[in-house]
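Colleague: any chance you could fold what I've pasted below:
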Amino acid sequence: MGDTLSQAEIDSLLNALSSGELAPDELDDTPEKSVKNYDFARPTKFSNDHLRTLKIIFENYGRLLSTNLPGYLRKSVQVEVMNAEANTYSEFSNALSNPVILGVINFAPLEGNIIVELAANLGFAVVDRMLGGYGNPLEKNRDFTEIELVILERILEVCTNLMVEPWEAVEAIEPRLERIETNSQFAQFVSPSEMTAIVTMNIKIGDIEGLMNICIPYTCVEPAIDRLNTRYWYSSQKEDDSGKYRDNIEEMIDFVKIPVRAMLGRSSISVADFANLQRGDVIKLDTKVNEELEVYVGNIKKFTALPGAASNAYAVRVTSVIREEQ
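Modeller: Modelled structure (predicted):
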C-alpha cells in the first residue's frame with residue numbers, strides 16, 4: 001500500500017488542480033502497456049526458443065549428413081542450416097513446384113508425419129551420381145521415373161535413419177520413411193491452417209547446390225513441445241554425456257601408433273668426409289657406451305634409456321621418465 005496523504009497534502013493538490021498549476025494527466029503514474037496484434041488465423045504455437053532448439057537439432061543432423069552421405073555418393077557433401085521459421089502448412093504447400101521430392105516420414109512414437117522436401121536438381125544429381133555419372137543435374141526438369149524414385153528412396157531412408165541421434169535429447173524417435181510423393185497436388189498431409197516449423201538447409205553435393213526443407217507440424221511434436229527448448233536440450237546433452245564420449249576417445253587413442261626413437265648420439269663431420277665415407281669407416285659420437293640415451297616420442301623427449309638387445313634385436317631399457325616440468 002502506498003503512503004497515506006495528510007489533510008494538508010490533499011488540500012494542496014486540490015488547490016493546484018483548481019488553479020491549473022497541475023494537470024489531471026500528471027497524476028496518472030500508471031506505466032503504459034504495449035499492445036501487440038494477435039492473428040487468430042495464425043496462432044504462434046512455435047516460440048522463438050522452440051525454433052532455436054530445432055535449428056540446433058538440425059545443425060547436428062547436418063553434420064551427420066555431411067559425414068555419412070559421401071560414403072554413398074562418393075563425393076563431398078556440405079550441409080548448412082539456413083533458418084527455422086513458423087508458417088502455416090498452406091504456405092509451405094503453395095510454395096511447392098512440380099516435379100518435387102517429398103519424403104513422408106513417420107515420426108513414431110510421436111503421432112503424425114513430418115515432410116522432407118528435396119530440391120529437384122539435388123534429386124537428379126543424386127541419381128546421376130548413384131548410376132556412375134559425375135553428379136550433374138538435368139538442364140530441364142522432368143518427372144522422375146520409377147527406377148529413379150527407388151534410388152532416391154534408398155538415400156532418403158539413410159537421411160531418415162540419421163535423425164535418431166540429433167533428436168534423442170528431446171524424444172527417442174523411430175522414424176520411418178513411408179513413401180515419396182513427386183506431385184505437389186497430393187501434398188495435403190495435414191490441415192492447411194495447421195502451424196508448422198520449417199527448417200531450411202542448404203546442401204552442396206560437389207558443385208551442385210540446392211535446398212532441403214523439413215516441415216514439422218505442431219500436432220506431431222506437441223507431446224514433446226515442453227522438452228523442445230534450449231535449456232532442456234543442453235541439460236539433457238550434459239546428462240547423456242556421462243563420460244561415454246571420453247571413454248570412446250580414450251579407447252581409440254589406445255590404438256593410435258606413434259613413432260618412438262632412441263638417439264644414440266650426435267656427431268659433426270665435413271661434407272667432404274661425408275662424401276668419401278666407405279664401408280668400415282667409424283663415426284665418433286658424442287656419447288659413451290655406458291651413458292643414457294635420449295628417447296623421443298614423436299618430437300618430444302620423454303625418456304632416458306640404456307642401449308641393449310632383446311631376442312636378437314636392438315632394444316633400450318627405460319631408466320627414467322622426463323616430466324613436462326623438467
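Colleague: for the stretch 51-200 of the chain, which spans come out with low pLDDT?
Modeller: Low-confidence segments of the stretch 51-200 of the chain, defined by pLDDT under 70, span residues 187.
Colleague: actually the stretch 201-326 of the chain, not the one I wrote
Modeller: Filtered on pLDDT under 70, the stretch 201-326 of the chain yields the residue ranges 232-245, 324-326.
Colleague: that one: strands as residue ranges?
Modeller: Along the stretch 201-326 of the chain, counting by DSSP state E, counting those that start in this stretch, strands occupy 208-217, 260-263, 293-297, 300-310, 313-321.
Colleague: number of nearby residues for K55?
Modeller: 19 (other CB atoms under 10 Å). All C-beta spots, glycine's among them, are computed from the backbone N, C-alpha and C.
Colleague: any idea which of the strands of the stretch 201-326 of the chain is most buried?
Modeller: Neighbour counts averaged per stretch over these are highest for strand 208-217, at a mean of 21; criterion: mean count of other CB atoms under 10 Å.
Colleague: state the paired neighbours of that one in the sheet, together with their directions.
Modeller: Listed by DSSP bridges, the sheet partners of strand 208-217 and their directions read strand 113-118 (antiparallel), strand 195-205 (antiparallel).
Colleague: nearest to G103, of those strands?
Modeller: When these are ranked by distance to G103, counting by CB to CB, first place goes to strand 113-118 at 4.1 Å.
Colleague: contacts for the next helix or strand after that closest one, please.
Modeller: Per DSSP states H and E, strand 113-118 leads on to helix 120-130 as the next helix or strand towards the C-terminus. Helix 120-130 is contacted by residues 72-75, 97, 99-101, 134-138, 141, 144, 148, 151-152, 155, 203, 205-206, 208, 210, 212 when judged by CB atoms under 8 Å, 6 or more residues apart in numbering.
Colleague: do that again at 6 Å, thanks
Modeller: Judged by CB atoms under 6 Å, 6 or more residues apart in numbering, the contacts made with helix 120-130 from elsewhere in the structure are 73, 99, 101, 135-138, 141, 148, 151-152, 155, 205, 208, 210.
Colleague: could you measure from the spatially most central residue of the chain over to N106?
Modeller: In the chain, the C-alpha nearest the mean C-alpha coordinate belongs to N60, at 2.3 Å (CA atoms, centre = their mean). Distance, N60 to N106, by CB to CB, to the nearest Å: 21 Å.
Colleague: quick one on the thing from earlier: of the contacts of helix 120-130, buried ones?
Modeller: Members of the contacts of helix 120-130 that pass the buried threshold by neighbour count (16 or more other CB atoms under 10 Å) are listed as L73, I101, G135, P137, E148, I151, L152, I155, I205, I208, G210.
Colleague: need those residues in CSV with secondary structure and distance to T319, can you?
Modeller: Formatted as CSV, the entries for those read as follows, by DSSP: H, G, I helix; E, B strand; the rest coil; distance: CB to CB, whole Å:
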residue, secondary structure, distance to T319
L73, helix, 54
I101, strand, 67
G135, coil, 59
P137, coil, 66
E148, helix, 68
I151, helix, 63
L152, helix, 64
I155, helix, 59
I205, strand, 57
I208, strand, 61
G210, strand, 63
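Colleague: out of those, flag the one nearest to R266.
Modeller: Where the buried ones among the contacts of helix 120-130 are concerned, and distances follow CB to CB, R266 has its nearest neighbour in L73, at 52.3 Å.
Colleague: how near is that closest one to G133?
Modeller: According to CB to CB, L73 stands 11 Å off from G133.
Colleague: now the helices for this protein?
Modeller: In the chain, the helices defined using DSSP state H lie at 7-19, 48-73, 89-94, 120-130, 146-161, 164-167, 218-221, 230-241, 244-253, 271-275.
Colleague: any chance of the buried ones among the contacts of helix 120-130 in a markdown table, plus distance to L162?
Modeller: Listed next are these as a markdown table, based on distance: CB to CB, whole Å:
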| residue | distance to L162 |
| --- | --- |
| L73 | 14 |
| I101 | 17 |
| G135 | 20 |
| P137 | 23 |
| E148 | 22 |
| I151 | 18 |
| L152 | 16 |
| I155 | 11 |
| I205 | 16 |
| I208 | 20 |
| G210 | 18 |
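Colleague: just name the closest of these to E222, please.
Modeller: With CB to CB as the yardstick, the closest approach to E222 among these comes from I101, at 26.9 Å.
Colleague: possible to save the strands paired with strand 208-217 as CSV with distance to I249?
Modeller: Listed next are the strands paired with strand 208-217 as CSV, based on distance: least, CB to CB, whole Å:
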stretch, distance to I249
strand 113-118, 32
strand 195-205, 28
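Colleague: to E174, which of those lies closest?
Modeller: For the strands paired with strand 208-217, proximity to E174 was assessed by CB to CB; strand 113-118 is nearest, at 13.1 Å.
Colleague: how distant is the closest one from the center of its chain?
Modeller: Averaging C-alpha positions (CA atoms, centre = their mean, to the nearest Å) puts strand 113-118 19 Å from its chain's average.
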